[in-house]
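Asks: Would you be able to build a 3D model of this:
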Amino acid sequence: MLANILATPLKLLAPLLSGFVAPGGWLVLAGILERQSDELQAAYAPWLSLQVVDRDEGWILMAGQRDA
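Replies: Modelled structure (predicted):
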């Protein structure tokens with residue numbers, strides 16, 4: 001699943017979006033400012049571990065795999 005929206009909606013939608021990720025599947029979040037990574041990692045922690053996988057001029061791409 002890929003989501004490219006603002007960090008606040010991504011935090012609020014964490015339970016819903018995580019629920020759509022199949023076991024072993026990936027969630028990719030784009031359009032996030034670097035300073036927002038910690039809060040998004042915390043919001044998704046109950047379901048998967050998000051990591052920063054790319055950076056570009058203050059923007060980041062995060063991804064996490066749901067346990068199988």
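
Asks: tell me which residues in the helix or strand that residue 52 is a member of are buried?
Replies: Using DSSP states H and E, residue 52 maps to strand 51-56. Under the neighbour-count criterion of 16 or more other C-beta atoms under 10 Å, strand 51-56 has nothing buried. (C-beta placed from N, C-alpha, C; glycine too.)

Asks: list the helices and strands that strand packs on?
Replies: strand 59-65 (3 or more C-beta pairs under 8 Å, 6 or more residues apart in numbering; DSSP states H and E).

Asks: Might you report the residue contacts of residue 41?
Replies: 49, 50, 62 (C-beta atoms under 8 Å, 6 or more residues apart in numbering).

Asks: scratch that, residue 48
Replies: Taking C-beta under 8 Å, 6+ apart, one finds 18, 21, 27, 64, 65, 66, 67 in contact with residue 48.

Asks: just the buried members of these?
Replies: 18, 21, 27, 64, 66.

Asks: Thought residue 50 was touching the fourth one, still the case?
Replies: Yes. Because the distance of 4.1 Å satisfies C-beta atoms under 8 Å, residue 64 is recorded as touching residue 50.

Asks: Give me the common contacts of the two.
Replies: Common neighbours of residue 64 and residue 50, using C-beta under 8 Å, 6+ apart, are 27, 44.

Asks: Model confidence for the residue minimising distance to the centre of the chain, exactly?
Replies: The C-alpha lying nearest the average C-alpha coordinate of the chain belongs to residue 29 (C-alpha atoms, centre = their mean; 4.4 Å). At residue 29, the model reports a pLDDT of 97.

Asks: Need the contacts of residue 41 in JSON lines (columns: pLDDT, neighbour count and distance to residue 10).
Replies: What follows is the contacts of residue 41, written out as JSON lines (pLDDT from 0 to 100; neighbours: other C-beta atoms under 10 Å; distance: C-beta to C-beta, whole Å):
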{"residue": "49", "pLDDT": "94", "neighbour count": "12", "distance to residue 10": "15"}
{"residue": "50", "pLDDT": "97", "neighbour count": "22", "distance to residue 10": "10"}
{"residue": "62", "pLDDT": "98", "neighbour count": "21", "distance to residue 10": "9"}
